[in-house]
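Engineer: Sequence first, then the predicted structure:
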Amino acid sequence: MTLRFSVLASGSTGNAIYVETGQKRLLIDAGLSGKKMDELFAYINRDPKELDGILVSHEHSDHIKGVGVFARKHKLPIYANEKTWAAMDGHLGTIPTEQKFVFATGAVKTFGDLDVESFGVSHDAAEPMFFTFHHEGKKLVLATDMGYVSERIKGTIKGADMFIFESNHDLNMLRMGRYPWNVKRRILSDVGHVSNEDAALALSEVIGDNTSRIYLAHLSLDNNMKELARLSVEQVLKEEGQAIGEQFELYDTDPHTPTALAVVS
């Protein structure tokens, strides 16, 4: 049995990640319309009705826009911590009690042959958290929506086989861009988003001998570009002595098109 995943959509316009093993299938966030979510699943040739649940990282609309509709349509359980449930109140529509479950920050929840470890991040939400997936010795990390990467987070995610990691903005594009100063200040703050350079510096400390792929995720539509993110991260990693193309590869993610289903190896 293998651990597989697809980044269904990633960016400031909506986020959704699919993870599967031989026994279980999970969706992490659904920040696009219910209709678009169905289209994304069709793209990777998977049936949403076979999902075992939706894990919610935090209550921002680019992560929960389609959660209520999608969960009701396909009768899926939803897992979130208590503060996120409270913050989502009124944003999901009516969710039957039997579909609501609490997944505490810092806990490990087992879904069949898949262990999911949650960890808190610094972001301007009620209690944001992301996830490390463990299956038969393989480790997949999903870490976005972070103002900075703490030593605690580094310790949790270190040595993963594959990373889906935030590379939100280019500092110069953000500073020179059209956003009002209060929005720029929020993005740059400790509860905002990680820049390309900061992502690379954090990755340089957590890449392990078994790391084979890094997916750069949650790119800003206005303040970043795929090519720029990849070049910036690659340059910093090379300066830090990391051998891109020899040990591991960098991959793009997209706001509209899923990545090919990848085996965590």
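Structural biologist: Noted; the coordinates are in hand.

Engineer: tell me the contacts of the nearest residue to residue 233 once chain neighbours are set aside?
Structural biologist: Using Cβ to Cβ, 6 or more residues apart in numbering and skipping residues adjacent in sequence, the residue nearest residue 233 is residue 200, 4.2 Å away. From N, CA and C alone the C-beta is placed, and that goes for glycine too. Neighbouring residues of residue 200 by Cβ atoms under 8 Å, 6 or more residues apart in numbering: 167, 232-237, 240.

Engineer: in a helix, that's where residue 200 is, yeah?
Structural biologist: Yes - counting by DSSP: H, G, I helix; E, B strand; the rest coil, one finds residue 200 located in a helix.

Engineer: That one and residue 61, how far apart?
Structural biologist: Between residue 200 and residue 61 the computed distance is 28 Å (Cβ to Cβ, to the nearest Å).

Engineer: what's the answer for residue 79, then?
Structural biologist: Here the criterion is Cβ to Cβ. By it, residue 79 lies 19 Å from residue 61.

Engineer: who has more neighbours, these two?
Structural biologist: Neighbour totals were compared for residue 79 and residue 61, and residue 79 leads with 23 against 11 (other Cβ atoms under 10 Å).

Engineer: Show the backbone phi and psi for that one.
Structural biologist: phi -120, psi 130 (degrees, to the nearest 10).

Engineer: got the contact list for it?
Structural biologist: With contact set as Cβ under 8 Å, 6+ apart, residue 79 has these partners: 53-56, 101-103, 109.

Engineer: repeat that with 10 Å
Structural biologist: 26, 28, 53-56, 85, 99-104, 109, 111, 116, 118 (Cβ atoms under 10 Å, 6 or more residues apart in numbering).

Engineer: Run a quick neighbour tally on the nearest residue to it once chain neighbours are set aside.
Structural biologist: By the measure of Cβ to Cβ, 6+ apart, the closest residue to residue 79 outside its immediate chain neighbours is residue 103, 4.0 Å from it. Look at residue 103: counted by other Cβ under 10 Å, it has 21 neighbours.

Engineer: Please work out which residues outside the top helix by length along the chain touch it.
Structural biologist: Longest helix in the chain, counting residues (DSSP state H): helix 226-239. Around helix 226-239, the neighbours that count as contacts under Cβ under 10 Å, 6+ apart are 165, 167-173, 195-204, 207, 214, 216-217, 219-220, 224-225, 242-245, 248, 250-254.
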